[in-house]
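K.L.:
output the structure for:
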Amino acid sequence: MSVAAEIRVPINGWILYDGGCGFCSRWVKFWESTLRRTGFGVAALQEPWVASQLGMPIDDLLVDIRLLTGTGGLISGADVYLAVARRIWWAWPFYAIFSLPGFYWVICAGYRWFARNRHRVSQSCHLQP
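P.N.:
The predicted structure follows:
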């Protein structure tokens with residue numbers, strides 16, 4: 001299958017996660033069926049087509065979770081969680097609350113802390129990718 005055909009498969013886009021992070025890998029596998037039913041595909045940021053498609057060096061890609069939207073846009077960090085929650089009916093309240101200015105700051109700060117420490121968390125919890 002060509003990269004172009006592969007990228008068009010999900011309606012809402014590709015959730016791109018750090019496949020070298022034990023926590024991230026486990027979290028994505030847990031939610032994968034829900035994400036697929038909602039029109040999202042999942043792929044590791046380390047897959048060769050990702051860097052090629054996004055035109056970014058792998059070191060820059062691995063800083064954040066990414067969402068390559070169905071229209072070709074790119075969303076990063078905490079905004080990925082909000083974009084996904086907006087599409088899942090039972091998670092919509094999470095989106096509504098954390099989109100508010102004060103709460104948005106909280107989710108962004110919490111995400112930023114976790115993103116910086118995700119490999120330590122994975123190691124402490126003995127989570128292998």
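
K.L.:
verify the stated contact: V80 with L68.
P.N.:
No - in this structure, V80 is not within contact of L68 by C-beta atoms under 8 Å, at 10.1 Å. Glycine gets a C-beta too; all of them are placed from N, C-alpha and C.

K.L.:
strands of this protein, start to end?
P.N.:
13-17, 40-44, 66-69, 74-76 (DSSP state E).

K.L.:
nearest to F103, out of these?
P.N.:
Between F103 and these, the tightest spacing by C-beta to C-beta is seen for strand 74-76, at 18.0 Å.

K.L.:
any idea how far that closest one is from the chain center?
P.N.:
9 Å (C-alpha atoms, centre = their mean, to the nearest Å).

K.L.:
ok, now stretch 110-121?
P.N.:
For stretch 110-121, the distance to the chain centre is 14 Å (C-alpha atoms, centre = their mean).

K.L.:
most packed of the strands of the chain?
P.N.:
Highest mean neighbour count of the strands of the chain: strand 13-17, a mean of 24 (counted as mean count of other C-beta atoms under 10 Å).

K.L.:
for R118, which of the strands of the chain is the nearest?
P.N.:
Short answer: strand 13-17, nearest of the strands of the chain by C-beta to C-beta, at 10.1 Å.

K.L.:
so what touches the closest one?
P.N.:
7, 24-25, 27-28, 35, 39-45, 50, 61, 65-70, 80, 84 (C-beta atoms under 8 Å, 6 or more residues apart in numbering).

K.L.:
now with 6 Å?
P.N.:
Strand 13-17 has contacts (C-beta atoms under 6 Å, 6 or more residues apart in numbering) with 24, 28, 40-43, 45, 50, 65-70.

K.L.:
sheet partners, orientation included, of that strand?
P.N.:
strand 40-44 (parallel), strand 66-69 (antiparallel) (DSSP bridges).
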